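# Pasting the sequence and the predicted model now:
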Amino acid sequence: MKTLKILTALAVVVILSAFVVKSMGPKGIGSNGYGVGDMADDIHLKNIDGQFVSFSDYTSAKGFIVIFTCNTCPFSVANEDRIIALDTKYKNLGYPVIAINPNNPDVKPGDSFEAMKVRAKEKGFTFPYLFDEGQQVYPKYGATKTPHVYLLQKTDKGNEVKYIGAIDDNSRSANAVKVRYLENAVDALLSGKSVEVTETKAIGCSIKA
């Protein structure tokens, strides 16, 4: 009798769990963040100049190249020149780079806000370098690495995610790159075409929470 009660209780737990998962939906709590085709919420994050930045500030932008990156990850450092080049190439075409540091400085002191200001000055960043204070933004996106890219396109409904993943096919060496995933995606949007490769695997360091 006791065994039957235990089995009945377990069955109830399984049914309730299944219901909770189903009711959360594909983008509910515990999901992996935005997918291609989703609309990204606006942001309001502090830039290295002390000013807060939102997508809505860019009234003439066609979209955004959102890159989660940091000071300390070797993969991020290896991509800094590429990120600057992306901003230089696409900013005036309507797709500015918005870089966001998602790391917790208590875990990684080299990624503190003060350290961000130093690094940006050293490298001559041409784009906003925002601090995800309290780590509120990167989980919405589902970013897991630095660097991790999300290409957004402005639409009547909002900022639609068009590409997620890596900048190109070689995070370690710019000289060894053969396929420029992000540039191909932006070029397609600028030409009024669909993005052919919408998702790739982001290669980098894990985000420090």
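Done, it's in. From a predicted model like this one, the values you see are computed outputs, not experimental measurements. Numbers count the residues shown, from 1 in each chain.
# So what's the model's average confidence on stretch 186-205?
Averaged over stretch 186-205, pLDDT sits at 97.
# Buried residues, it. List them.
186-189, 195, 198, 200, 202-205 (16 or more other CB atoms under 10 Å). C-beta: built from backbone N, CA, C; applies to glycine.
# what secondary structure does residue 99 sit in?
In three-state terms, and counting by DSSP: H, G, I helix; E, B strand; the rest coil, residue 99 is strand.
# Now, the buried residues of stretch 186-205 that are in helices?
186-189 (DSSP state H).
# quick one: residue 163 and residue 202 touch, right?
No. The pair residue 163 and residue 202 fails to qualify as a contact (CB atoms under 8 Å) at a distance of 11.3 Å.
# Next secondary structure after the helix or strand bottoming out on mean pLDDT in the chain?
Every helix and strand in the chain was compared by mean pLDDT, DSSP states H and E; the lowest is helix 2-24, with a mean of 36. Per DSSP states H and E, the first helix or strand lying C-terminal to helix 2-24 is strand 39-40.
# List the neighbours of that following strand that are in contact with it.
With contact meaning CB atoms under 8 Å, 6 or more residues apart in numbering, strand 39-40 is reached by 34, 55, 66, 140-141, 150, 152, 155, 157-161.
# Kindly state the neighbouring-residue count (a burial measure) for the closest residue to residue 209 other than its chain neighbours.
Leaving aside its chain neighbours, residue 209 sits nearest to residue 104 (5.6 Å; criterion: CB to CB, 6 or more residues apart in numbering). For residue 104, the neighbour count with other CB atoms under 10 Å is 16.
# which residues does residue 104 contact?
111, 135, 208-209.
# What strand or helix carries it?
For residue 104, there is no helix or strand it lies in under DSSP H and E.
# and residue 180, what is it in contact with?
Applying CB under 8 Å, 6+ apart, we find residue 180 in contact with 167-169.
# Name the residues of stretch 86-94 that are buried.
86-87, 90-91, 94.
# burial count for the residue nearest to residue 207 when sequence neighbours are not counted?
Once flanking residues are discounted, residue 207 sits nearest to residue 102: 5.0 Å by CB to CB, 6+ apart. Neighbour count of residue 102, defined by other CB under 10 Å: 25.
# how about residue 102, phi and psi?
phi -90, psi -10 (degrees, to the nearest 10).
# so what's residue 153 up against?
Contact analysis of residue 153 by CB under 8 Å, 6+ apart lists 62-63, 159-160, 162, 189.
# Does it lie in a helix or a strand, and which?
Following DSSP H and E, one finds residue 153 within strand 148-154.
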